[in-house]
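Colleague: based on what follows, work out the 3D shape:
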Amino acid sequence: MPTTNPTFPTDKQMRYLDQLRNYQRLYDGEHAELWGIKDYFVDDTKTEKKLYITNNLPALITDYFADMQIGEGLSYSTEDEEAQKTLNEMIEENNLDEVLYDIAQDQSRYGYGILRVRTTEDGEGDMKVVFEDVNPNEYFPEYDARDRRHNNPTKVTLVSFLADPLGKYANGLMYKTIYERKDEEVTFRYELRECKVDKTEGTLLNDNAEYVTLYPEIADAPVTLEYTKRIPIWDVRNLKGRTNPQGKSDYKDVESLLREINDRMTHVSVQLIKHLNAKLAVPTGTLSDEEGEEASVKAHEIDFFEVGEGQMVPQYINNTNSMLEAAFKYTDKLMLTALGIVKVPPELLNIEGMSGGNEKVEAMRIRLFPSMRKVHRKQVAMRYAVEHALEYALRVMGKEDAKVSVEFDDVLPKDMTAVVNQMVARKSADLVSTRTALEKMDDLSTEEAENEAERIRSEAPEIAPFEALPEL
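Modeller: Here you go, the predicted structure:
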């Protein structure tokens, strides 16, 4: 039987894209678009009043993990001196730490970020390497059925949506960069297609002379990539599992809590609006509800109500209902529960009584252990991708045998007294060299530590034994 080409993107892919867009709305604080604005009350003119208070915990969660993951920046090293020079130039030209920060945000927000390496030419015609993060909404990988962990795609399609410069297609154009891996050979090519109203692909335009003039690369034959047996695009996945092969968003387990937090905060806000708008009692005949009726003041101009002579003066009953205070406590507990699930320290919310206070560094490290363990898992995924991407880039630049090591910054403060005491004790027991102790205590390179050790030996040949410092 003849087979028909499946629609691209498929229905399954479109549903997945919708989920990614929902995560983006959560991060951007556009929760009302996702969950709808509630009609909580109407005024005297029966005009609906809409209100939605957004507590943007998703942005706090994602920015926290990206900050902890990248810190002050990564350290990149290789043993080859010439390769290190080339490595430093590539990192500086691409501002790689900033690219990785964006990927760390995607890793938290969507469940995975994407690092792509490609080549281009500079203004002088020399080849240069480009590192860039790819929007997960534009990334469509395909895997061999035997690759159950989805580690090495056989095909990757990157999609961009463009306005049609010729004005022929009202829904614009779909520009595709297609990588394919077969028999350890990787090729890439470009496709230009009509974009349909439902964002699926339409007519192929690679043979259309008018569009080839605008996008000449679409007429080129597939290009074979050298120095690699895999597609040079790496997923940086977050908490990957069998049920989430692309990675799991940090928002996944707290979506219902986020919605409840917003609803309760909005509910409390409505109650405060109702009971904090004061009104003024005036004599009968002062107000008019009709536009043409003579009166001192129109009722709709200010919050008044009339009181006849001898009548009881209406007044608000103070809202001392304990449920209002309970609502605040309930909302606080919901937020703390959500942060506990995603492993974010609660003191970031500045809730009264939640400040960490003054504590020793080691105590803080123990308290933040669940959070840092999650950060370290994220770093493991990123380290793998970055090291392999940099090694591929160095091969492209002629440094074929270079091995790259990537280290992450320790963002938590260090207890220097404890470090010094540990090194003094080990040095006194001849369990560590002076050079290694200096490296650990002062965060020096091997060369810097060796130079410092030589200065110590030259200035004080007979060094008295060190004494440990008292704990602060």
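
Colleague: all contacts plus neighbour counts: C-alpha atoms, from now on.
Modeller: Fine.

Colleague: which stretches of the stretch 301-450 of the chain form strands?
Modeller: 304-307, 404-407 (DSSP state E, counting those that start in this stretch).

Colleague: and these, which one averages the lowest pLDDT?
Modeller: Note on these: strand 304-307 shows the lowest mean pLDDT, a mean of 66.

Colleague: so which helix or strand takes in residue 115?
Modeller: strand 112-121 (DSSP states H and E).

Colleague: who does that strand pair up with?
Modeller: When pairing is defined by DSSP bridges, strand 112-121 lines up against strand 127-133 (antiparallel), strand 233-237 (antiparallel).

Colleague: contacts for the last one, please.
Modeller: Outside strand 233-237, the residues within contact range by CA atoms under 8 Å, 6 or more residues apart in numbering are 103, 107, 111-117, 246-248, 378, 381-382, 385, 389.

Colleague: tell me the buried residues in stretch 137-155?
Modeller: With burial defined by 16 or more other CA atoms under 10 Å, the residues of stretch 137-155 counted as buried are 137, 140, 141, 150, 152, 153, 154, 155.

Colleague: using PDB, list the CA coordinates for that stretch.
Modeller: Output in PDB follows, covering the C-alpha atoms of stretch 137-155 (Å, rounded to 0.1, in the frame of the first residue of the first chain):
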ATOM      1  CA  ASN A 137       9.700  25.300  20.600                       C
ATOM      2  CA  GLU A 138      11.800  25.100  17.400                       C
ATOM      3  CA  TYR A 139      13.500  21.800  18.100                       C
ATOM      4  CA  PHE A 140      12.200  18.500  16.700                       C
ATOM      5  CA  PRO A 141      14.400  15.400  17.300                       C
ATOM      6  CA  GLU A 142      13.800  11.900  16.100                       C
ATOM      7  CA  TYR A 143      15.400   8.800  17.600                       C
ATOM      8  CA  ASP A 144      16.100   5.200  16.600                       C
ATOM      9  CA  ALA A 145      13.600   2.900  18.300                       C
ATOM     10  CA  ARG A 146      16.400   1.100  20.000                       C
ATOM     11  CA  ASP A 147      17.700   4.300  21.600                       C
ATOM     12  CA  ARG A 148      15.300   4.100  24.600                       C
ATOM     13  CA  ARG A 149      17.100   6.800  26.500                       C
ATOM     14  CA  HIS A 150      17.000   9.200  23.600                       C
ATOM     15  CA  ASN A 151      20.700  10.100  23.900                       C
ATOM     16  CA  ASN A 152      21.700  10.300  20.200                       C
ATOM     17  CA  PRO A 153      19.100  11.500  17.700                       C
ATOM     18  CA  THR A 154      19.100  10.200  14.100                       C
ATOM     19  CA  LYS A 155      17.400  13.300  12.800                       C
END
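
Colleague: got the contact list for the nearest residue to residue 446 once chain neighbours are set aside?
Modeller: Nearest residue to residue 446, sequence neighbours excluded (CA to CA, 6 or more residues apart in numbering): residue 439, at 6.8 Å. Going by CA under 8 Å, 6+ apart, residue 439 touches 445, 446, 449.

Colleague: how far away is the second one from residue 129?
Modeller: Okay, so that is residue 446. Going from residue 446 to residue 129 by CA to CA, to the nearest Å gives 30 Å.

Colleague: any buried residues in stretch 203-222, and which?
Modeller: For stretch 203-222, burial by neighbour count (16+ other CA under 10 Å) applies to 205, 206, 211, 212, 218, 219, 222.

Colleague: now it: average pLDDT?
Modeller: 96.

Colleague: now stretch 262-269
Modeller: In the prediction, stretch 262-269 has an average pLDDT of 87.

Colleague: which residues outside it are in contact with it?
Modeller: For stretch 262-269, contacts defined as CA under 8 Å, 6+ apart pick out 40, 51, 52, 53, 54, 55, 324, 327, 328, 331.

Colleague: so which strand or helix has residue 257?
Modeller: Counting by DSSP H and E, residue 257 is found in helix 255-276.

Colleague: of all the residues in that helix, which ones are buried?
Modeller: Neighbour-count burial for helix 255-276, counted by 16+ other CA under 10 Å, picks out 257, 258, 259, 261, 262, 263, 264, 265, 266, 267, 268, 270.

Colleague: on that earlier part again, run through who's touching the strand holding residue 115.
Modeller: 103-107, 127-136, 232-238, 246-249, 385-386, 389, 393.

Colleague: pull the most distant pair out of the buried residues of stretch 203-222.
Modeller: Longest distance between any two of the buried residues of stretch 203-222 is 18.1 Å, between 211 and 222; criterion CA to CA.

Colleague: please enumerate the strands of the stretch 51-200 of the chain.
Modeller: Taking DSSP E, counting those that start in this stretch to define them, one finds strands in the stretch 51-200 of the chain at 75-78, 112-121, 127-133, 139-142, 155-162, 173-182, 185-195.

Colleague: low-confidence ranges, the stretch 301-450 of the chain, go.
Modeller: Applying pLDDT under 70 to the stretch 301-450 of the chain flags residues 301-306, 312, 314-321, 351-358.

Colleague: so where do the helices sit in it?
Modeller: Ranges of helices within the stretch 301-450 of the chain are 322-342, 361-367, 369-396, 416-428, 434-442, 446-459, based on DSSP state H, counting those that start in this stretch.

Colleague: format those helices as a markdown table; extra columns: distance to residue 30.
Modeller: Listed next are these as a markdown table, based on distance: least, CA to CA, whole Å:
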| stretch | distance to residue 30 |
| --- | --- |
| helix 322-342 | 18 |
| helix 361-367 | 33 |
| helix 369-396 | 26 |
| helix 416-428 | 44 |
| helix 434-442 | 46 |
| helix 446-459 | 50 |
